[in-house]
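Visitor: Predicted coordinates and the sequence they were generated for:
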Amino acid sequence: QVQLAESGGGLVQAGGSLRLSCAVSRRFFSSSTMAWFRQAPGKEREFVAAITWSGGSTAYADSVKGRFTISRDNAKNTMYLQMSSLKPEDTAVYYCAAFNSGGSDSLSRLIKLYDYWGQGTQVTVSS
């Protein structure tokens, strides 16, 4: 069974930075597309960023482009989200997600394609 565990959330002032981590329990990580989604209170879950199995390609939501950076370390079975210049509207529960891409360079912003999800980590940005 694949398990994902996020960490690194917390409270930060506007303009500050945080780095989220997502540890994956199985070796399938190296052949999976990974992504971050977030859900603010009263809103639907939305795409934030995605990265291919190799790390060679990434995609970002327009709202975070230039401020957030997604990366992964396949040797450590861990994915990261470096968040900078945080804004109050970035406040949400952040989830990591994965699907087995079989080693192909596929990226997706679609929630329904992701088979595995973490429990989420709260990020709160104060103004």
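Guide: Cool, the structure landed. Numbers count the residues shown, from 1 in each chain.
Visitor: How about the spatially most central residue of the chain, nearest residue that isn't a chain neighbour?
Guide: Nearest to the mean C-alpha position of the chain, by CA atoms, centre = their mean, lies residue 36 at 2.2 Å. Leaving aside its sequence neighbours, residue 36 sits nearest to residue 48 (CB to CB, 6 or more residues apart in numbering; 4.2 Å). C-beta here means a position set from N, CA and C on the backbone, and glycine is covered the same way.
Visitor: List the buried residues for the strand or helix carrying the one you found?
Guide: Per DSSP states H and E: residue 48 is located in strand 46-51. Of all the residues in strand 46-51, those buried under the rule 16 or more other CB atoms under 10 Å are 47, 48, 49, 50, 51.
Visitor: what's the distance between the last one and residue 98?
Guide: When CB to CB, to the nearest Å is the yardstick, residue 51 and residue 98 sit 10 Å from each other.
Visitor: likewise the first one?
Guide: In this structure, residue 47 and residue 98 are separated by 14 Å, where distance is defined by CB to CB.
Visitor: what do these two both touch?
Guide: Shared contacts of residue 47 and residue 98 (CB atoms under 8 Å, 6 or more residues apart in numbering): residue 35.
Visitor: circling back to that earlier point, strands paired with the strand holding residue 48, and their directions?
Guide: Strand 46-51 pairs in its sheet with strand 32-39 (antiparallel), strand 58-60 (antiparallel), by DSSP bridges.
Visitor: next SSE after the last one?
Guide: By that I understand strand 58-60. strand 68-73.
Visitor: Dump the very next helix or strand once past that next one to CSV, keeping only the CA atoms.
Guide: Downstream of strand 68-73, the first helix or strand assigned by DSSP H and E is strand 78-83. Only the C-alpha atoms of strand 78-83 are listed here, as CSV (Å, rounded to 0.1, in the frame of the first residue of the first chain):
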residue,chain,number,x,y,z
THR,A,78,10.5,12.7,-1.1
MET,A,79,8.9,15.6,-3.0
TYR,A,80,9.2,19.2,-1.9
LEU,A,81,7.3,22.5,-2.4
GLN,A,82,9.3,25.6,-1.7
MET,A,83,6.9,28.5,-1.1
